[in-house]
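**Student:** Okay, sequence plus prediction incoming.
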Amino acid sequence: MGVTIGAVALKYGLMLAPMAGVTDRTFRLLCRHLGAEYTVSEMVSAKALCYEQNGKRKESVLSGSAPLAAVTRAESPMAVQLFGSEPAFMAEAARMLESGDYRGCCSDTAPTAIDINMGCPVRKITGNGEGSALMKTPELAADIVAAVRRAVRLPVTVKIRAGWDAATVNAPELAKRLEQAGADLICVHARTREQLYAPGIDLEVIERTKRAVQVPVIGNGDISSAEDAIHMMAQTGCDGVMIGRGAMGNPWLFAETVAAMEGQTYTPPTLEERIRTAMEHLDGMLRHKGDRVGLAEAKKHMAWYLSGIRGAAAARGRIMTAEAPEDIRRIMLGLIAQNEATFN
């Protein structure tokens, strides 16, 4: 147990997975506060980041890829994840992220590592030969890692899937090739691209990948409890775990997992603590993104926080049609009063 990434040592190897539209700065900071030792940005298009350097309008830079790649000292250790299928663009984008020398840079420190996305299953990404489609082209995947490795001094990590489909489960073989190309760490999402996010993962593929390489291997997929995390590590020998969808609406999953790893008793948050944290999450998104974008993007998070709460279904419906932050606060706080009245 434990992972070293460059100069950074993680006691438990407990990481927040990159999730587009979810793991923004507010959520990363929240998860770090609750026990995540390491986070990864939302995925950033290497080609878009490069092309934006030639744009004439300042507004297009500020609303483009650069804000997604922002790293602050408060979030470190944190990696920035790049996606793309062209080695030259991936290398140039990685170089810019390491140096901070690019238009629109919002970072106050360099990322801990450059992470390369070879796992995204979304059609608009794979249709361009990017994300998990790179698992079908191992030579190109290795060329990308080698190009990024030559371009930066930072650690280079890669997130892959088990394979493209059930007939082409090649994570161990690809991981070995990526290691030879210069990857410093491999994260394996134990599903194929064909499976998307369907329930059920293949722990054996993580175990085989761990045995195939010398660099650290991180397991990912279907972790929704501390028991899931510990079971994955015990069954596969992986060096750490990356938690994704299990933390949506439940960032306390990191605190629960740390407690379990330390053999301590974990006390779940009360309803009031859950709602208070949700309100802090809302305020952070409004502060970082402004009222219009922050409110729109916060609604899904607020709905996730309500899982298992009496009256959640009706509250979610009202949240999705709320027109102001005050409306959401009123709805969320109303749930506390509603549940207190039910049990008193």
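**Tutor:** Looks like it arrived, so ask away.
**Student:** could you point out which element follows the worst-scoring helix or strand of the chain on mean pLDDT?
**Tutor:** Lowest mean confidence among the helices and strands of the chain (mean pLDDT, DSSP states H and E): helix 58-62, at a mean of 47. The C-terminal neighbour of helix 58-62 among helices and strands, as given by DSSP states H and E, is strand 78-83.
**Student:** Within the sheet, what are the partner strands of that next one, with directions?
**Tutor:** Strand pairing for strand 78-83, determined by DSSP bridges: strand 38-40 (parallel), strand 44-45 (parallel), strand 113-118 (parallel).
**Student:** and those as JSON lines, adding mean neighbour count?
**Tutor:** Placement of C-beta: from N, CA and C, glycine included. As requested, the strands paired with strand 78-83 are arranged in JSON lines below (neighbours: other CB atoms under 10 Å):
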{"stretch": "strand 38-40", "mean neighbour count": "25"}
{"stretch": "strand 44-45", "mean neighbour count": "24"}
{"stretch": "strand 113-118", "mean neighbour count": "26"}
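**Student:** number of nearby residues for the residue nearest to residue 102 when sequence neighbours are not counted?
**Tutor:** Spatial nearest neighbour of residue 102, chain neighbours left out: residue 96 (4.0 Å); criterion: CB to CB, 6 or more residues apart in numbering. Residue 96: 21 surrounding residues under other CB atoms under 10 Å.
**Student:** ditto for residue 234
**Tutor:** Neighbour tally, residue 234, other CB under 10 Å: 10.
**Student:** what sits against it?
**Tutor:** By CB atoms under 8 Å, 6 or more residues apart in numbering, no residues touch residue 234.
**Student:** my read: residue 297 touches residue 285, true?
**Tutor:** Yes - the pair residue 297 and residue 285 qualifies as a contact (CB atoms under 8 Å) at a distance of 6.1 Å.
**Student:** which one of these two has more residues nearby?
**Tutor:** residue 285 (25 against 17).
**Student:** So which elements touch the helix or strand harbouring that one?
**Tutor:** Element membership for residue 285, per DSSP H and E: helix 271-305. Counting contacts by 3 or more CB pairs under 8 Å, 6 or more residues apart in numbering; DSSP states H and E, helix 271-305 is packed against helix 25-33, helix 312-320, helix 325-343.
**Student:** and residue 245, which of those helices is closest to it?
**Tutor:** helix 25-33 (12.3 Å; CB to CB).
**Student:** residue boundaries of the helices in the stretch 151-300 of the chain?
**Tutor:** Along the stretch 151-300 of the chain, the stretches classed as helices by DSSP state H, counting those that start in this stretch are 171-181, 203-212, 226-236, 253-261, 271-305.
**Student:** do you know which of those lies nearest residue 24?
**Tutor:** Between residue 24 and the helices of the stretch 151-300 of the chain, the tightest spacing by CB to CB is seen for helix 271-305, at 7.2 Å.
**Student:** Give me the common contacts of residue 297 and residue 285.
**Tutor:** Counting by CB under 8 Å, 6+ apart, the residues touching both residue 297 and residue 285 are residue 24.
**Student:** re the thing from before, make a markdown table out of the strands paired with strand 78-83 and add distance to residue 3 and mean pLDDT.
**Tutor:** Output for the strands paired with strand 78-83, formatted as a markdown table (distance: least, CB to CB, whole Å; pLDDT from 0 to 100):
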| stretch | distance to residue 3 | mean pLDDT |
| --- | --- | --- |
| strand 38-40 | 8 | 98 |
| strand 44-45 | 23 | 97 |
| strand 113-118 | 11 | 98 |
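**Student:** picking that back up, most packed of the helices and strands packed on helix 271-305?
**Tutor:** Comparing the helices and strands packed on helix 271-305 by mean neighbour count (mean count of other CB atoms under 10 Å), helix 25-33 comes out on top with a mean of 21.
**Student:** Show me what that helix packs onto, helices and strands only.
**Tutor:** strand 14-16, strand 38-40, helix 271-305.
**Student:** And the longest one, how far out from the chain middle?
**Tutor:** Per CA atoms, centre = their mean, to the nearest Å, the displacement of helix 271-305 from the mean C-alpha position of its chain is 18 Å.
**Student:** Likewise for stretch 182-196?
**Tutor:** 13 Å.
**Student:** Pull out the buried positions in it.
**Tutor:** 182-195 (16 or more other CB atoms under 10 Å).
**Student:** With stretch 268-281 instead?
**Tutor:** 274, 275, 277, 278, 279, 281.
**Student:** Stretch 168-184 too?
**Tutor:** 169-172, 174-179, 181-184.
**Student:** picking that back up, of all the helices and strands packed on helix 271-305, which one comes closest to residue 76?
**Tutor:** helix 25-33 (9.1 Å).
**Student:** what angle do the closest one and strand 78-83 make?
**Tutor:** 130 degrees (axes from the mean of the first three to the mean of the last three CA atoms, to 10 degrees).
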